[in-house]
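Q: show me how the following folds:
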Amino acid sequence: MNLISTKSPTKSSKKPQKHTLQTYAEVTLNNETLKHVAKVPEGEDVNEWLAANAADFYNEINMLYGTLSDYCTSKTCPSMTAGPKFEFLWADGVQIKKAIKVSAPEYVEYLMTWIQKQLDDESIFPSQIGSLFSKNFQPTVKNIFKRLFRVYGHIYHSHFEVVVNLGMEPHLNTSFKRFIYFIEEFKLIDKKELVPLGEVIAIL
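A: As a prediction, the model looks like this:
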């Protein structure tokens, strides 16, 4: 992928032009109101807000990736990467204690299954409003967001051309911008983990 080209997409071209993360991000990532959406509403409990957004982003990213499932296969994506320098191994600490290399679709399947289990665990994500959250809650939320970020990274680096051709880039970019504002608001992901998409984040 050419990361510096500024040519516009030509859907009718027999040979689709290369598109860049930055070009489309500049077009669609310019809504200041998304910064305010990340903040805890007045009177809302911080942990309740984190829990609600963890579930929301889980559903949103699951849906985004689902639209690309025909293009992200064990053959096209034999490992979970975000560009040539970043590869992610899978481990959940329970069923798979030692990190293993899996294809991108396998990684995402493992991830979404693991997140769903966390969301369904009443000891971590209590369903009753006003319930106390355990000391494991925020570390779990941080882990969820760290791993969800990797799905964005894979989509941008490995399937951005498909995203463009499907006309999904405004949705993807807006979703990603909201995600970044949220994790920055609550310091959920270390900066070193964000390096794979540093070019896009820099222009938010």
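Q: could you pull out the helices for this protein?
A: Listed in chain order, the helices of the chain (DSSP state H) span 21-28, 33-38, 46-66, 104-120, 137-165, 169-185, 198-201.
Q: turn the ones you listed into a markdown table, columns for mean neighbour count, distance to Gly93 and mean pLDDT.
A: In short, each C-beta sits where N, CA and C put it, glycine included. As requested, those are arranged in a markdown table below (neighbours: other CB atoms under 10 Å; distance: least, CB to CB, whole Å; pLDDT from 0 to 100):
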| stretch | mean neighbour count | distance to Gly93 | mean pLDDT |
| --- | --- | --- | --- |
| helix 21-28 | 18 | 32 | 47 |
| helix 33-38 | 14 | 29 | 82 |
| helix 46-66 | 17 | 18 | 97 |
| helix 104-120 | 18 | 9 | 98 |
| helix 137-165 | 20 | 10 | 97 |
| helix 169-185 | 20 | 22 | 95 |
| helix 198-201 | 16 | 28 | 93 |
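Q: and the closest residue in space to Lys85 that isn't next to it in sequence, what does it touch?
A: Excluding its sequence neighbours, the residue lying closest to Lys85 (CB to CB, 6 or more residues apart in numbering) is Pro196, at 7.6 Å. Residues near Pro196 by CB atoms under 8 Å, 6 or more residues apart in numbering: Ala82, Gly83, Lys85, Phe86, Arg150, Gly153, His157.
Q: one more: Val162?
A: Neighbouring residues of Val162 by CB under 8 Å, 6+ apart: Leu68, Tyr71.
Q: hang on, the earlier thing: the residue nearest to Lys85 and Thr113, how far apart?
A: Counting by CB to CB, to the nearest Å, the gap between Pro196 and Thr113 amounts to 23 Å.
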